[in-house]
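Q: Structure for this input, please:
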Amino acid sequence: MKIVMLTNDTKNKLMNDLLKRATDDYSEQESVVKVIIKDIHDRRDDALFEYTKKFDKAELNADNIRVTPDEIEAAYEEVDEELITVIRKAISNIKTFHEKQKRNSWITTEDNGVILGQRILPLESVGVYVPGGKAAYPSTVLMNVIPAKVAGVERIVMTTPCNAEGKVYPTTLVAANEAGVTDIFKVGGAQAIAALAYGTESVPKVDKIVGPGNIFVAIAKRLVYGHVSIDSIAGPSEILVLADETANPEYVAADLLSQAEHDELASATLVTTSEELAIEVSKWVDTFTAKLERKDIIQKSIDNFGNIFVAKDMNDAIDAANEIAPEHLEIITKNPWETMTKVKNAGAIFLGEYSSEPLGDYFAGPNHVLPTNGTARFFSPLNVDDFVKKSSIINYNEEALRAVHEDIELFAKAEGLTAHANSIAVRFKG
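A: Prediction:
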């Protein structure tokens with residue numbers, strides 16, 4: 001990995017390089033997605049089946065598009081019992097963590113006759129998109145479904161691509177069943193997002209769509225936003241490790257590569273106050289990369305978006321981390337809790353040398369759907385609040401409104417909205 005001194009120039013270059021990964025120039029793909037969305041909107045099931053045949057080579061119809069209980073039962077026979085046990089442990093951890101995020105409706109009553117409050121209700125239906133092309137992602141199922149279940153969403157519809165024989169990854173089906181998905185449909189791509197957004201004869205319309213996907217899925221989510229709510233448009237994965245001389249270079253290198261293997265565009269960055277650590281980490285990165293299965297992807301990721309910065313002190317290192325606002329931030333310092341108090345921007349923070357990032361991906365409980373590309377400055381991880389809606393409650397009696405009616409009328413007239421003012425004044429014209 002490249003080792004450079006941390007300066008304003010090198011930091012700015014890193015920021016520019018990271019932003020290049022999220023180019024907005026997808027006009028060619030967007031034109032394709034627009035056609036698909038309109039076609040699904042207009043022709044519904046007929047278009048959905050045609051696109052599934054075209055892209056996934058599967059012959060779907062109204063009778064076989066939905067995953068059946070028999071198919072789910074068969075999936076359990078194909079998945080190792082030990083993995084099912086681990087999935088159940090992970091569900092317990094994720095559920096426990098997210099239950100602490102729940103908030104209740106509230107009401108306040110004042111002596112002057114004013115009653116105010118907030119009513120919190122779950123969304124009625126949510127669509128979860130789960131990729132299914134080159135690999136199975138049961139962890140994606142759990143992280144997107146469980147917060148919705150904890151929030152109280154009654155109908156959770158999952159779409160995921162099938163193979164040419166109409167089969168879905170068994171681990172995906174097992175995770176969906178264990179997490180409590182209501183309906184599973186064998187469709188993927190932009191056509192699945194359009195079906196969830198507008199509804200077809202087979203796939204019900206939902207209120208919100210969550211879950212990752214390729215560029216066509218991401219564009220489709222952006223284009224249907226407004227007809228439905230969406231979670232976010234996720235960028236390539238990223239990790240930043242803050243470390244001092246006490247860190248174990250072998251551990252740091254392994255953690256950097258855990259994200260580099262995701263994607264050729266994934267970013268792995270070490271910011272350290274120790275030049276010796278920087279050199280040792282770079283050596284371990286080379287050693288591990290040569291042995292890992294996805295070494296071609298890892299090498300391209302490291303070559304293009306892998307960096308080691310040596311900072312003059314920890315304050316400079318922390319400032320850099322706050323500007324980058326990484327998706328995953330590991331703090332491996334002498335006192336990681338103290339270091340964390342100065343961190344303002346990060347999707348998820350992992351403290352200490354035994355809190356490796358994959359712990360958050362699969363098992364610990366916090367959500368692994370995190371803000372990327374610096375958006376941790378203003379976005380949060382997927383959470384229970386993403387699956388509820390809030391209504392304000394306002395109740396004034398006559399005495400309470402009489403006490404303030406002239407103030408409201410003055411405010412309305414100042415904005416030129418005399419009908420607003422009259423709506424209040426008419427109640428006290430006598």
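Q: pLDDT averaged over the longest helix that the chain contains - what is it?
A: Determined from DSSP state H, the single longest helix within the chain is helix 81-99. In this model, helix 81-99 carries a mean pLDDT of 98.
Q: how about low-confidence regions in the protein?
A: Judged by pLDDT under 70, the chain has its weakly predicted residues at 22-25, 134.
Q: Taking the centroid of it, which residue is nearest it?
A: Centroid check for the chain by CA atoms, centre = their mean gives Val369 as the closest residue, at 3.1 Å.
Q: Once you drop chain neighbours, what's closest to that one?
A: Nearest-residue entry for Val369: Leu382, 3.7 Å, with adjacent residues in sequence omitted and distances by CB to CB, 6 or more residues apart in numbering. For every residue, glycine as well, the C-beta is placed using N, CA and C.
Q: The one you found reaches Pro366, doesn't it?
A: No - using CB atoms under 8 Å, Leu382 makes no contact with Pro366, being 9.8 Å away.
Q: circling back: check which helices and strands the longest helix of the chain sits against.
A: Judged by 3 or more CB pairs under 8 Å, 6 or more residues apart in numbering; DSSP states H and E, helix 81-99 is in contact with helix 138-151, helix 170-179.
Q: what's Tyr225 in contact with, if anything?
A: Not one residue lies near Tyr225 by CB atoms under 8 Å, 6 or more residues apart in numbering.
Q: mind checking how far it is from Ser232?
A: Tyr225 sits 10 Å away from Ser232, going by CB to CB, to the nearest Å.
Q: rewinding a little: what about the residue nearest to Val369, how many neighbours?
A: Neighbourhood size, Leu382 [other CB atoms under 10 Å]: 24.
Q: Could I get the buried residue list for stretch 322-334?
A: By neighbour count on 16 or more other CB atoms under 10 Å, the buried set for stretch 322-334 is 322, 324-333.
Q: let me redo that: stretch 362-379
A: Within stretch 362-379, the residues scored as buried using 16+ other CB under 10 Å are 362-376, 379.
Q: List the ones among those that fall in helices.
A: Short answer: the buried residues of stretch 362-379 in helices (DSSP H) are Tyr362.
Q: which of the buried residues of stretch 362-379 lies closest to Asp407?
A: The nearest member of the buried residues of stretch 362-379 to Asp407, counting by CB to CB, is Phe379 at 37.1 Å.
Q: Wait, that closest one touches Ser232, no?
A: Yes - the criterion here is CB under 8 Å, and Phe379 meets it with Ser232 at 6.5 Å.
Q: got any residues that touch both of the two?
A: In contact with both Phe379 and Ser232: Pro371, using CB under 8 Å, 6+ apart.
Q: tell me the angle the longest helix of the chain makes with helix 138-151.
A: Calculated by axes from the mean of the first three to the mean of the last three CA atoms, to 10 degrees, helix 81-99 forms an angle of 40 degrees with helix 138-151.
Q: Contacts made by helix 81-99 with the rest, please.
A: With CB under 8 Å, 6+ apart, helix 81-99 has contacts from 76, 138-139, 142-143, 146-147, 149-150, 171, 174-175, 178-179, 362-367, 383-384.
Q: Please repeat the previous calculation with a cut-off of 6 Å.
A: Outside helix 81-99, the residues that touch it by CB atoms under 6 Å, 6 or more residues apart in numbering are 142, 146-147, 150, 175, 178, 363, 365-366, 384.
Q: Ok, stretch 1-12 next?
A: For stretch 1-12, the surrounding residues in contact (CB under 6 Å, 6+ apart) are 278, 282, 285, 302, 306-311, 320.
Q: So what would you say the end-to-end distance of it is?
A: Start-to-end span of stretch 1-12 (CA to CA, to the nearest Å) is 18 Å.
Q: List the buried residues of it.
A: In stretch 1-12, counting by 16+ other CB under 10 Å, buried: 1, 6, 10-11.
Q: now these in JSON lines, with secondary structure and distance to Ile209?
A: JSON lines is the format used below for the buried residues of stretch 1-12 (DSSP: H, G, I helix; E, B strand; the rest coil; distance: CB to CB, whole Å):
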{"residue": "Met1", "secondary structure": "coil", "distance to Ile209": "37"}
{"residue": "Leu6", "secondary structure": "coil", "distance to Ile209": "40"}
{"residue": "Thr10", "secondary structure": "helix", "distance to Ile209": "39"}
{"residue": "Lys11", "secondary structure": "helix", "distance to Ile209": "36"}
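Q: Could I get the residues you listed in CSV, plus columns for distance to Thr418?
A: Shown next, in CSV, are the buried residues of stretch 1-12 (distance: CB to CB, whole Å):
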residue, distance to Thr418
Met1, 67
Leu6, 60
Thr10, 60
Lys11, 55
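Q: Looking at the residues you listed, which is nearest Met158?
A: Taking CB to CB as the measure, Met158 lies nearest Met1 of the buried residues of stretch 1-12, at 38.4 Å.
Q: What separation do you get for that closest one and Phe309?
A: If you measure Met1 against Phe309 using CB to CB, the figure is 10 Å.
Q: Likewise for Arg222?
A: 33 Å.
Q: contacting residues for the nearest residue to Ala175 once chain neighbours are set aside?
A: Excluding its sequence neighbours, the residue lying closest to Ala175 (CB to CB, 6+ apart) is Pro138, at 3.5 Å. Going by CB under 6 Å, 6+ apart, Pro138 touches 171-172, 175.
Q: Among these, which one has the most neighbours?
A: Of the contacts of Pro138, with other CB under 10 Å as the count, Ala175 tops at 29 neighbours.
Q: just checking, that residue touches Val141?
A: Yes - using CB atoms under 6 Å, Ala175 is in contact with Val141, at 4.0 Å.
Q: which SS state does the residue nearest to Val369 fall under?
A: Taken by DSSP: H, G, I helix; E, B strand; the rest coil, the conformation at Leu382 corresponds to coil.
Q: Quick one: residues contacting it.
A: 231, 367, 369.
Q: and if we set it to 7 Å?
A: Going by CB atoms under 7 Å, 6 or more residues apart in numbering, Leu382 touches 143-144, 147, 210, 231, 367, 369.
Q: Just list the residues touching the nearest residue to Asp313 once chain neighbours are set aside, thanks.
A: Spatially, and ignoring its direct neighbours in sequence, Asp313 is nearest to Thr273 (6.1 Å; CB to CB, 6+ apart). Taking CB under 7 Å, 6+ apart as the criterion, Thr273 is in contact with 244-245, 311, 313-314, 317.
Q: Scan those and report the most crowded one.
A: Of all the contacts of Thr273, the most densely surrounded is Ala317 (26 neighbours; neighbours counted as other CB under 10 Å).
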